[in-house]
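Asker: Sequence and predicted structure below; questions after.
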Amino acid sequence: MTLKALIFDVDGTLAETERDGHRVAFNQAFANVGLSWHWSIARYGELLHVAGGKERIRAYIEQDQPPIPTHWDVETLIATLHQRKNQYYTDGLRRGEVQLRPGVRRLILEARAQGIRLAIATTSQPENALALLETALAPDAPGWFEVIAAGDIVPHKKPAPDVYRYVLQQLGLPAHVCLAIEDTEQGLTAATGAGIPTVVTVNDYTREQSFAAAALVLTHLGEPQHPAQILAGSPLAGQPAMLTVDTARQVLQASVLANDVTVFHRAGSSSKSTASTDLKPVI
Ligand code: XBP
């Protein structure tokens, strides 16, 4: 199976932007408009189940019913908070406060060198995604990605598959020649809902989520001197490893094969077998 494109999620996958980036900026925005609201690390983890900054503020208002000064109309308040949060967030990025996760730069550069096409599929607003690429990867990095599908570009955010379907359509590729890289259960549901085999790199907020549908689950993408741990999806689970273009090809092949076998099984085979990756440990 030929790997033609890598499709990256942004927040939590390219960088740990949520806890120390978006969350902090939301709290700054609350203070900026004179609200006493505060999102703790733990509460933000729960609110992350709602994708999208505007949607997250709305869910918080509905669930917690925090005090809202009477001069604010709720819709204007949400729009104002979100706009100010994005300003604080991108200011922080431009001060260099957020770095890429291990292996992200390495894999992207390797993919570029080997002619693998690159795309982004994110719930974040375009200005936030672009600012992260420019500040953490390279000033011209947005141009490395053929498609940057972000924010409200599709009506239904993750876990709906819409943003991934949009990316496939823009790339003009079928799902089985692409590999998605995600960090959350919602992101995994969105990518696999569009039929795209998916590698998950967990983080502190998502480690305990369910990733049964993933082709491979890693602690991060891995560096030669800092390999990842394989958490699931390989006979080498628990071993150190790193996702390269070569291992991405193996993961894709195994995943597509496993799906073919499953389809065959559903059609009437009495025995079901599963394919697993042959991801080689690096040490
Ligand atoms: C992550 C999200 C976003 C950000 C905030 O998206 O859920 O909502 O927390 O984004 P992804 P905005 O993992 O798909 O990159 O405030 O820009 O909406």
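Answerer: Now that the structure is in, tell me what you want to look at. Residues are numbered from 1 along each chain as shown.

Asker: thinking residue 97 is in contact with residue 17, fair?
Answerer: No: with contact defined as CB atoms under 8 Å, residue 97 does not reach residue 17; the gap is 9.8 Å. For every residue, glycine as well, the C-beta is placed using N, CA and C.

Asker: Neighbour count for these two, which is higher?
Answerer: Neighbours around residue 97 and residue 17, counted as other CB atoms under 10 Å, are more numerous at residue 17. The numbers are 25 against 15.

Asker: distance of the more buried one from the ligand?
Answerer: Going from residue 17 to the ligand by CB to the nearest ligand atom, to the nearest Å gives 7 Å.

Asker: Repeat that for residue 31.
Answerer: 17 Å.

Asker: How many neighbouring residues does that residue have?
Answerer: By the criterion of other CB under 10 Å, residue 31 has 14 neighbours.

Asker: Just the pLDDT at it, thanks.
Answerer: The pLDDT attached to residue 31 in the predicted structure is 98.

Asker: helix, strand or coil for it?
Answerer: At residue 31 the chain is in helix, as set by DSSP: H, G, I helix; E, B strand; the rest coil.

Asker: Show me what from the protein comes close to the ligand.
Answerer: The chain comes close to the ligand at residues 9-12, 18, 22, 51-53, 122-125, 128, 151, 158, 187, as judged by CB under 6 Å from any ligand atom.

Asker: Hmm, residue 191 is touching residue 161, no?
Answerer: Yes: when contacts are counted by CB under 8 Å, residue 191 is listed as touching residue 161 (7.4 Å).

Asker: Of those two, give the one with the bigger neighbour count.
Answerer: Higher neighbour count among residue 191 and residue 161: residue 191, with 31 against 21, using other CB under 10 Å.

Asker: which residues in the stretch 51-200 of the chain form strands?
Answerer: Counting by DSSP state E, counting those that start in this stretch, the stretch 51-200 of the chain has strands at residues 117-121, 147-149, 178-182, 198-201.

Asker: so for the shortest one, what's the average pLDDT?
Answerer: Rounded to a whole number, the mean pLDDT of strand 147-149 is 98.

Asker: Could you pull up the residues touching the residue of the chain found nearest the ligand?
Answerer: The ligand sits closest to residue 53 of the chain, with a gap of 2.2 Å, by CB to the nearest ligand atom. The contact partners of residue 53, taken as CB atoms under 8 Å, 6 or more residues apart in numbering, are 22, 26, 82, 85, 86, 124, 125.
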